[in-house]
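> Here is my input; please provide its structure:
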Amino acid sequence: MHPERLQTLRLRYPGVYGKTVRTECGDGWFGILDALGEQLARQAELERRAATEIRMFKEKFGTLRFGKTAQTTSDAAYCEMAITMSSRICEVCGCPGDHFGTMVRCGKHVQIRDALAHEGSAGDE
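Predicted structure coming up:
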């Protein structure tokens with residue numbers, strides 16, 4: 001993911017992504033991560049507690065994976081939904097896609113094996 005995208009997440013949801021140190025996925029999943037940040041921040045506010053912190057997110061076997069702390073049952077459900085969504089959304093562009101075992105791609109990007117190299121990912125932050 002481009003560093004600017006991570007910075008946007010950090011600014012929008014500092015309690016969720018403020019301490020994120022590692023990102024390894026394409027920009028196509030930004031929308032999923034943005035929606036997840038909103039849900040985790042909102043849930044924490046409603047329950048008057050600290051938000052679940054996403055310390056790391058990456059692609060593994062074609063879906064999102066998270067490193068997180070202070071998780072509640074509801075937050076776990078939001079993270080599982082994000083993982084499920086990532087199995088149906090192109091990691092390169094964010095359009096609907098198909099899961100090809102180790103990647104999710106739309107018809108336009110099916111030939112791109114490495115979304116990180118294609119998108120110029122930040123890798124470790």
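> Just give me the residue closest to the centre of this protein.
Leu33 (3.9 Å; CA atoms, centre = their mean).
> element containing the closest residue to Phe61 other than its chain neighbours, please.
Nearest residue to Phe61 in three dimensions, chain neighbours excluded: Thr102, at 5.9 Å (CB to CB, 6 or more residues apart in numbering). C-betas here are computed from N, CA, C, even on glycine. Take DSSP states H and E as the rule and Thr102 turns out to sit in neither a helix nor a strand.
> Quick check: longest helix in the protein by residues?
Secondary structure of the chain read by DSSP state H shows that its longest helix is helix 30-47.
> partners of the next helix or strand after it, with directions?
Using DSSP H and E, the helix or strand that follows helix 30-47 in sequence is strand 53-60. Taking DSSP bridges as the criterion, strand 53-60 forms sheet pairs with strand 22-24 (parallel), strand 63-69 (antiparallel).
> in the first one, what's buried?
When you say that, I think you mean strand 22-24. 23-24 (16 or more other CB atoms under 10 Å).
> you'd agree Ile112 is up against Phe100?
No: Ile112 lies out of contact with Phe100 (CB atoms under 8 Å); the separation is 11.0 Å.
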